[in-house]
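[1] sequence and predicted structure below; questions after.
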Amino acid sequence: MVYEKFRKEVERILEEKSKPVTWNEIKKSSTKLKQKAPYHVYVQKLQGDIGLVRFSIMIS
């Protein structure tokens with residue numbers, strides 16, 4: 001998937017949810033996003049393009 005389509009789909013879902021969500025929740029909400037994990041380069045670009053903020057979840 002090209003970056004522009006990926007960005008639009010992720011942005012649409014984040015705006016729709018209007019709360020922090022995990023990649024799995026984003027993937028479940030989309031028929032277009034099929035990859036197991038988002039491409040690292042795409043995630044970095046989203047941080048600058050749409051203000052994406054990532055959080056690490058540590059499970060112990």
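    Right, received. Where do you want to start?
[2] neighbours around the closest residue in space to Ile57 that isn't next to it in sequence, how many?
    Spatially, and ignoring its direct neighbours in sequence, Ile57 is nearest to Thr22 (7.9 Å; C-beta to C-beta, 6 or more residues apart in numbering). (C-beta placed from N, C-alpha, C; glycine too.) Thr22 has 10 neighbouring residues, counting by other C-beta atoms under 10 Å.
[3] equivalent analysis for Glu16, please.
    Neighbours of Glu16 using other C-beta under 10 Å come to 9.
[4] show the model's pLDDT score for it.
    What the model reports as pLDDT for Glu16 is 95.
[5] swap in Met58?
    The model reports Met58 with a pLDDT of 75.
[6] name the element it belongs to?
    Met58 belongs to no helix or strand when assigned by DSSP states H and E.
[7] again, but for Gln44
    Of the helices and strands defined by DSSP H and E, Gln44 is found in helix 40-49.
[8] not counting its own residues, what contacts that helix?
    Residues outside helix 40-49 that contact it (C-beta atoms under 8 Å, 6 or more residues apart in numbering) are Tyr3, Phe6, Arg7, Val10, Leu52, Val53, Arg54.
[9] kindly report the same for stretch 21-37.
    With contact meaning C-beta under 8 Å, 6+ apart, stretch 21-37 is reached by Met1, Lys5, Phe6, Glu9, Val10, Ile13, Leu14, Glu16, Lys17, Pro38, Ile57.
[10] could you find which two of these are furthest from each other?
    Lys5 and Ile57 (27.1 Å; C-beta to C-beta).
[11] so how far is Ile59 from the residue nearest the centre of the chain?
    By C-alpha atoms, centre = their mean, the mean C-alpha position of the chain lies nearest to Val10, the distance being 4.7 Å. Going from Val10 to Ile59 by C-beta to C-beta, to the nearest Å gives 24 Å.
[12] before we move on, the earlier item: any chance of the contacts of stretch 21-37 in TSV, plus secondary structure?
    Output for the contacts of stretch 21-37, formatted as TSV (DSSP: H, G, I helix; E, B strand; the rest coil):
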residue	secondary structure
Met1	coil
Lys5	helix
Phe6	helix
Glu9	helix
Val10	helix
Ile13	helix
Leu14	helix
Glu16	helix
Lys17	helix
Pro38	coil
Ile57	coil
